[in-house]
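# here is the input, now give the coordinates:
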Amino acid sequence: MSQDVEAGKLPALEPDERTRDRVLTAVLEQGPVSAAQLGTFLKLTPAAVRRHLDSLTREGLIEVKLISNAKTGAGRPARRYVVSRRGQTEIGDDYLEIARLALKEISGFRGEAGVIEFAERRFAKMEAKYQPLVDAAGSDVAARSKALAEALNADQFVASSNSLNAGTAMAAEQLCQGHCPIQELASTFPEFCDAETEVFARLIGVDVRRLSTMASGGHVCTTHVPTGRAVVRKLAGTPAKSVPTGVQGLSKRISTHQQERP
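Model prediction:
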């Protein structure tokens, strides 16, 4: 150690292992996050951040998500880092086990209906928050889907909405999410994915279909949004047969996981 370091004029270097753990924890707390953002947050040089990110990626503890511009979809996708399933396990997720046990208790007392009710309440705040943002996009289904993607992206869901088959009868938006904060919990209780899909249908105003979820092993959560139809608002709790929007009520319909494509 140099005399300057001993005299307190320069910060002592951290052991690599400690810095590695700081980077991993920061990705967990801040992700999806860029290398530059991590460097600023942790006060590390770009070279140090890159070295640890590369190492953590090789170990499978973090992974890269490519984020498109939610507004236009133009430009080169940005690289953002999130913690992988393996990384979640290494960090430790006691909260997840507590949540699982709590939901199993609810299921034991009230059955599937209890879990569904819990999941619906969990997404009610999301729906209330996003509704004015989506409504501001007007009545165009594609515009509403893109507005929803922008709202999700602002909340770090790494979301995008891309147009498919424009000008044809198969025209649609593909709404994707590259990050899910409850991925592990939803893998045990797919009712959470079902509730989110139902909320998307009500927000956008058309029937939507979940094609894949990260909770069931997909790389991203993908929702098919048909755009060749008029928007019809559907309120929470409204029977699907009375309004041609959304899918059947959660307690009466097939799980979206059974609709998924590989």
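# so for the longest helix seen in the chain, mean pLDDT?
Longest helix of the chain, by residue count under DSSP state H: helix 112-135. Confidence over helix 112-135 (mean pLDDT, whole number) is 91.
# how far does that helix sit from its chain's centre?
For helix 112-135, the distance between its averaged C-alpha position and the chain's averaged C-alpha position is 15 Å (C-alpha atoms, centre = their mean, to the nearest Å).
# which of the residues in that helix are buried?
Applying a neighbour-count criterion of 16 or more other C-beta atoms under 10 Å, the buried positions in helix 112-135 are 114-120, 123, 126-127, 130-131, 134. C-beta: built from backbone N, CA, C; applies to glycine.
# D54: which of these is nearest?
Taking C-beta to C-beta as the measure, M126 is the one of these closest to D54, at 34.6 Å.
# I'd assumed V199 was in contact with that closest one.
Yes. A contact is recorded between M126 and V199 when judged using C-beta atoms under 8 Å, the distance being 6.2 Å.
# name the element L203 belongs to?
In this structure, L203 is located in helix 191-204 according to DSSP states H and E.
# correction: K65
Element membership of K65, judged by DSSP H and E, is strand 62-67.
# mind listing what's buried along that strand?
By neighbour count on 16+ other C-beta under 10 Å, the buried set for strand 62-67 is I62, E63, K65, I67.
# hey, where'd the strands end up in the chain?
62-67, 78-83, 159-164, 172-177, 209-212, 221-226 (DSSP state E).
# turn those into JSON lines, including distance to T25 and mean pLDDT.
Conversion of these to JSON lines gives the following (distance: least, C-beta to C-beta, whole Å; pLDDT from 0 to 100):
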{"stretch": "strand 62-67", "distance to T25": "11", "mean pLDDT": "83"}
{"stretch": "strand 78-83", "distance to T25": "9", "mean pLDDT": "85"}
{"stretch": "strand 159-164", "distance to T25": "24", "mean pLDDT": "90"}
{"stretch": "strand 172-177", "distance to T25": "23", "mean pLDDT": "94"}
{"stretch": "strand 209-212", "distance to T25": "29", "mean pLDDT": "94"}
{"stretch": "strand 221-226", "distance to T25": "25", "mean pLDDT": "95"}
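# format these as a markdown table; extra columns: distance to V27.
Formatted as a markdown table, the entries for these read as follows, by distance: least, C-beta to C-beta, whole Å:
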| stretch | distance to V27 |
| --- | --- |
| strand 62-67 | 5 |
| strand 78-83 | 5 |
| strand 159-164 | 19 |
| strand 172-177 | 18 |
| strand 209-212 | 24 |
| strand 221-226 | 20 |
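# what's opposite the residue nearest to T223 when sequence neighbours are not counted in the beta bridge?
Closest residue in space to T223, ignoring its immediate chain neighbours: L175 at 4.2 Å, by C-beta to C-beta, 6 or more residues apart in numbering. Beta-bridge pairing of L175 under DSSP bridges involves S161, T223.
# now L175: how far from A159?
According to C-beta to C-beta, to the nearest Å, L175 stands 7 Å off from A159.
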